[in-house]
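A predicted structure for the sequence below; I have some questions about it.
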Amino acid sequence: MRLLRDALAAGRVASTATEAFQDGELLGRLPQGECGFHGLVDGGSGCRVEAAIGWEGLAHSCRQFPRLLLADAQGWHQSLSVWCGTAAALVVNDDRPLPNFLSFDHILTDPRVHVEGLDARAAWPPLLRPGVLAGLDGYDAWERAVLTQYLARVGQGVSLSSALLAIVDFTEAVRAWSAPDEALPALILARSQPSGAMAWAPEGPFDDDASFISFDLIERIPTAWRPAHWPDGLTDPTHDDRPLTRARAEFALCRYLGTRLVASWVAYQGGGLRSVAASVMACYALAVEALASRAEHAPTIGHMTDSIRATDWLVLHLLDRQDWASWCSQVEDHGNATRLRSWVAAADRRLNDLPWPSPTASSPAS
């Protein structure tokens, strides 16, 4: 930071901020919220600080964002915050299969990256349920099954809501394990093979509207930076008017939910597997709520991109991470996972009500 202060004082780095310093503190954001050091660099847009004095002059947050890092006894794990517009565009527009997109764990970081995250290397392994450890192998087997046996099948004759309901049922079956049974990883492997097609068959009726999630979470944000009109308020909305089909939306949402599962801090800060599943289902409901609020007419790629960005803005950046994990862990006290199923059902109903374009409309890859 001193390197940046000296460069600013010497005029080597231009800032569009009205005041570079105030009360001895460096200000990098303009009144509208955008970064004061972002501008034209070598004919394109970029960071003036990095262009002028190199990555050594960047703040730690800039050197890490949008990476989300977790260190445990197995090594480093990495995911992305899609509050970053570039990361969100990758989720929405990239056509690589889900497992390839999520090959983040055990990362090798380059020198320009500031490595900082949740350090769980000396912590107990994730919980299966309150009072019972899943163990590193058990949690890894569950996470891998969710990614490869459930989410990876979305778009292959399986709807996203059907896959999410199946994940809830699978998690509940794993969560019931007790020590005299077979080893937990073996049980997970046996239970992770979906029998037949995953069909949309919720146990119901479900009357809960998942929109309460956003209200509940926003109330937990300190007043000073609580958004007045979430999901509005993103400083640089995405301008992409290409039509978004239902199938493409489900694929993008599926990939986004994968980023919320990999390297999840809720695994260590929460109360068990149901808590981690709740974090995924809640993000699904939030992203769909944000999409429905933006897509008064036919949904677009821009609507989808900003919806997942707004969701991560809320759960990863406005909320304290422990508050988020504690909120997700409330479901551990319930006798079953009905609330999670309600969120999925409510989100599916909202998707059904959107005015989708025809399946032949142009896709993100076109």
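Yep, that arrived. Numbering: from 1, shown residues only.

for the helix or strand containing residue 87, packing partners?
Here residue 87 sits within helix 85-93, counting by DSSP states H and E. Here helix 85-93 touches strand 75-80, helix 246-261, helix 301-312, going by 3 or more Cβ pairs under 8 Å, 6 or more residues apart in numbering; DSSP states H and E. Heads up, the C-betas are built off the backbone N, CA and C, glycines and all.

chain center to that helix: distance?
Distance of helix 85-93 from its chain centroid, counting by Cα atoms, centre = their mean, to the nearest Å, is 12 Å.

which residues touch that helix?
66, 80-82, 101, 236, 238, 252, 255-256, 259, 301, 304-306, 308-309, 364-365 (Cβ atoms under 8 Å, 6 or more residues apart in numbering).

same thing but at 6 Å, please
Residues from elsewhere that reach helix 85-93, judged by Cβ atoms under 6 Å, 6 or more residues apart in numbering: 66, 80, 82, 252, 255, 256, 304, 305, 308, 309, 364.

again, but for stretch 135-143
The contact list for stretch 135-143 (Cβ under 6 Å, 6+ apart) reads 73, 74, 125, 126, 174, 184, 185, 188.

and the fifth one, how far is that from residue 338?
Going back to what we said before, that points to residue 174. Per Cβ to Cβ, to the nearest Å, residue 174 is found 18 Å from residue 338.

which of these two has more neighbours?
Higher neighbour count among residue 174 and residue 338: residue 174, with 22 against 16, using other Cβ atoms under 10 Å.

could you check how far the more buried one is from residue 345?
22 Å.

got it, and residue 224?
For residue 224, the distance to residue 345 - Cβ to Cβ - is 35 Å.

of the two, who's got more company?
residue 345 (23 against 5).

that's a helix at that one, yeah?
Yes - counting by DSSP: H, G, I helix; E, B strand; the rest coil, residue 345 is found in a helix.

just want the angle from the helix holding residue 87 to helix 301-312.
120 degrees (axes from the mean of the first three to the mean of the last three Cα atoms, to 10 degrees).

give the buried residues for helix 85-93.
Within helix 85-93, the residues that count as buried by 16 or more other Cβ atoms under 10 Å are 85, 87, 88, 89, 90, 91, 92, 93.

okay, these in TSV with pLDDT and distance to residue 231 next?
Below are the buried residues of helix 85-93 laid out as TSV (pLDDT from 0 to 100; distance: Cβ to Cβ, whole Å):
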residue	pLDDT	distance to residue 231
85	84	15
87	85	17
88	89	13
89	87	17
90	85	20
91	90	16
92	92	15
93	85	20
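
closest to residue 290 among the residues you listed?
The closest of those to residue 290 turns out to be residue 88 (Cβ to Cβ; 11.8 Å).

which one is the closest one nearest to, not counting chain neighbours?
residue 82 (4.1 Å; Cβ to Cβ, 6 or more residues apart in numbering).

that neighbour contacts residue 313, correct?
No - between residue 82 and residue 313 there is no contact, the gap being 9.1 Å when judged by Cβ atoms under 6 Å.

the two: which has the busier surroundings?
residue 82 (28 against 22).

could you check how far the more buried one is from residue 91?
In this view, residue 82 and residue 91 are 6 Å apart by Cβ to Cβ.

any shared contact partners between these two?
With Cβ under 6 Å, 6+ apart, residue 82 and residue 91 have no common neighbours.

any stretches of this structure with poor pLDDT?
For the chain, applying pLDDT under 70 flags the ranges 1-36, 39-45, 60-61, 63, 94-116, 194-210, 235, 360-366.

middle-most residue in it, spatially?
residue 260 (3.7 Å; Cα atoms, centre = their mean).

now that one, nearest residue through space, not along the chain?
That would be residue 283: by Cβ to Cβ, 6+ apart, it lies 4.9 Å from residue 260.

same question for residue 119.
residue 71 (5.1 Å).

can you report phi and psi for the one you found?
The phi/psi pair for residue 71 (degrees, to the nearest 10) reads phi -120, psi 130.

so it versus residue 240, what's the distance?
35 Å.

for residue 37, same thing?
Remark: distance between residue 37 and residue 240 (Cβ to Cβ) = 25 Å.

what does residue 342 give?
Taking Cβ to Cβ, one finds residue 342 at 32 Å from residue 240.

the more surrounded of the two?
Between residue 342 and residue 240, residue 342 has the larger neighbour count (other Cβ under 10 Å), namely 20 against 17.

my read is the more buried one is in a helix, agree?
Yes - note on residue 342: a helix contains this position according to three-state DSSP.
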